[in-house]
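Enquirer: output the structure for:
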Amino acid sequence: MGRKQTTYVCAECGATFYRWSGRCPNCQQWDTLQESRPAVSSRDQGRAVATPSVKLTEIEVDYNARIPVNMPEFDRVLGGGVLPGSTILLAGDPGIGKSTILLQVLGKVAARGVECLYVSCEESLGQVKMRAGRIGLEESALSVSVENAVENILAILAADRPQVAVVDSIQRVVTRGVDSPAGSLRQVSMCATALTEAAKEAGCALFLVGHVTKQGMMAGPRALEHLVDTVLYFDSEKFQSLRILRAVKNRFGAINEIGVFEMTGQGLREVLNPSELFLAERDPAASGSVVTSTMEGSRALLVEIQALVGPGAYSTPERKVTGVDYRRFSMMMSVLERQAGIELGRSDAFVNVAGGVRVYEPAADLPLVLALASSFRNQPFLGGAVAIGEVGLGGEVRAVSRIEDRLNEAARLGFERAVVPAGNAKAAARCISQVHPVRNLLQATKLLGAASM
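Expert: Numbers count the residues shown, from 1 in each chain. The predicted structure is shown next:
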């Protein structure tokens, strides 16, 4: 029998190699390759017992099995509530509020008589009690345990039989069968697999808290994201009190749904009308400011795209963006210069999406270029209007999807005008009183300075 070859797995990206090196060739991170033991073959394990097949018509499904959290923002992201037997991974930067929001979720669910368990792998019972006190859960009926050995956690799950459980965090859980340290790829994979299988067998909804790397990626991403049913990211801009909960994977619901929360001294508060919050301090008469309606999952959000363009102070113009894709921004600047005749090559340019929101969809192209042109010419955009549209390399303004959902949200907040692609003009007229259809950038930029039109 031939000798089994040793493999090395990167703890950051999950890539596998047959030779160790100090730097991962895939993700370029240093000292992340860890030795992985060869998998035991089916011949060594003996003959497996297969699960008999079942006719699809014989499978019974309870479509009302979801457990609502009674937090509309959280329920929206999950697809309507917590599904029994599912495993949900929540990741985010340290201190952003992962433990706080999950403790609040358990508190709301436990208040309705659902058996809940919070397993803390990083804090003591006293620290968990103090956190619960700050968010008003001193009298909650949820159970709390402090444990980091996966065998003990499985025993607690089997004894308490909770319907919803939280393990905070998976990077601190270890198993006795693996000699690598906590947080290593093998430990995380083995422990997450064991917990997921136990939760599915018991019909328990399981939340796993995960850490992120310096680059903002999930620590051990391939090992965790492929094991769970749902992946949620909790993020915010630095120094911002707003928190955005986003679903990037959901086997039982839509992805890219977001929930908006605000961090307060009493925990996280839901922001049920984020569009109003994002536009609350906007100056309609300011140049370089354009409002757009962007889709986040099934929800339309109104956000303000701000631009500041001025003479370059140095030989190399400075370009900074926050909330939009830098490569898309660079491309739009080139299109604006070539197709609309606005010379930006020697100008400093800064772009920001107010409120810490990130807008990456192509429908934000038109408001982005209009904000740049508005700042460059020091002319405000059309008063009381939103702008929506994708811009091609030839300067053409292309139609976008779900224009009615976008403009209904704008009309609800008092906007009476919309600058839209000509291909969306007919549908837009059903939603808002004044529609300005444009076919290219030249037509769009003529609306600058027309605040009183």
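Enquirer: show me where the stretch 1-150 of the chain has strands.
Expert: 7-10, 16-17, 33-36, 87-92, 116-120, 143-146 (DSSP state E, counting those that start in this stretch).
Enquirer: nearest to Ser298, of those strands?
Expert: Ser298 lies closest to strand 87-92 among the strands of the stretch 1-150 of the chain, at 19.0 Å (CB to CB). (Glycine included, C-beta is placed from N, CA and C.)
Enquirer: show me what that closest one packs onto, helices and strands only.
Expert: If you count contacts as 3 or more CB pairs under 8 Å, 6 or more residues apart in numbering; DSSP states H and E, strand 87-92 packs onto helix 98-110, helix 185-202, strand 205-210, strand 230-235.
Enquirer: need those in a markdown table (columns: mean neighbour count, distance to Gly394 and mean pLDDT).
Expert: As requested, the helices and strands packed on strand 87-92 are exported to a markdown table (neighbours: other CB atoms under 10 Å; distance: least, CB to CB, whole Å; pLDDT from 0 to 100):
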| stretch | mean neighbour count | distance to Gly394 | mean pLDDT |
| --- | --- | --- | --- |
| helix 98-110 | 23 | 45 | 95 |
| helix 185-202 | 20 | 47 | 90 |
| strand 205-210 | 26 | 44 | 94 |
| strand 230-235 | 23 | 35 | 91 |
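Enquirer: tabulate the ones you listed (TSV), appending distance to Ala141.
Expert: Shown next, in TSV, are the helices and strands packed on strand 87-92 (distance: least, CB to CB, whole Å):
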stretch	distance to Ala141
helix 98-110	5
helix 185-202	20
strand 205-210	17
strand 230-235	25
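Enquirer: domains in this protein, by residue range?
Expert: 7-39, 65-271, 277-445 (automatic domain parsing).
Enquirer: which among the ones you listed is found nearest to Val54?
Expert: domain 65-271 (16.3 Å).
Enquirer: span of the closest one from start to end?
Expert: End-to-end distance for domain 65-271, by CA to CA, to the nearest Å: 27 Å.
Enquirer: got any ranges where the stretch 201-350 of the chain has weak pLDDT?
Expert: For the stretch 201-350 of the chain, applying pLDDT under 70 flags the ranges 213-223, 237-239.
Enquirer: mind listing the helices for it?
Expert: 221-225, 274-278, 326-340 (DSSP state H, counting those that start in this stretch).
Enquirer: in CSV, list those along with mean neighbour count and distance to Ile101.
Expert: Converted to CSV, those look like this (neighbours: other CB atoms under 10 Å; distance: least, CB to CB, whole Å):
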stretch, mean neighbour count, distance to Ile101
helix 221-225, 20, 19
helix 274-278, 19, 16
helix 326-340, 17, 30
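Enquirer: mind putting those in JSON lines, distance to Gly312 included?
Expert: Output for those, formatted as JSON lines (distance: least, CB to CB, whole Å):
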{"stretch": "helix 221-225", "distance to Gly312": "39"}
{"stretch": "helix 274-278", "distance to Gly312": "30"}
{"stretch": "helix 326-340", "distance to Gly312": "13"}
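Enquirer: closest one to Arg377 among the ones you listed?
Expert: So among the helices of the stretch 201-350 of the chain, helix 326-340 is nearest, using CB to CB, at 10.8 Å.
Enquirer: need the CA coordinates for the closest one. PDB is fine.
Expert: In PDB, the C-alpha atoms belonging to helix 326-340 read as follows (Å, rounded to 0.1, in the frame of the first residue of the first chain):
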ATOM      1  CA  TYR A 326     -13.300  52.500  -6.800                       C
ATOM      2  CA  ARG A 327     -12.900  50.800 -10.200                       C
ATOM      3  CA  ARG A 328     -16.400  51.700 -11.200                       C
ATOM      4  CA  PHE A 329     -15.700  55.300 -10.000                       C
ATOM      5  CA  SER A 330     -12.600  55.500 -12.200                       C
ATOM      6  CA  MET A 331     -14.400  54.100 -15.200                       C
ATOM      7  CA  MET A 332     -17.300  56.600 -14.800                       C
ATOM      8  CA  MET A 333     -14.800  59.500 -14.500                       C
ATOM      9  CA  SER A 334     -13.300  58.500 -17.900                       C
ATOM     10  CA  VAL A 335     -16.700  58.100 -19.500                       C
ATOM     11  CA  LEU A 336     -17.800  61.500 -18.200                       C
ATOM     12  CA  GLU A 337     -14.700  63.200 -19.600                       C
ATOM     13  CA  ARG A 338     -14.800  61.500 -22.900                       C
ATOM     14  CA  GLN A 339     -18.600  61.500 -23.600                       C
ATOM     15  CA  ALA A 340     -19.700  64.600 -21.900                       C
END
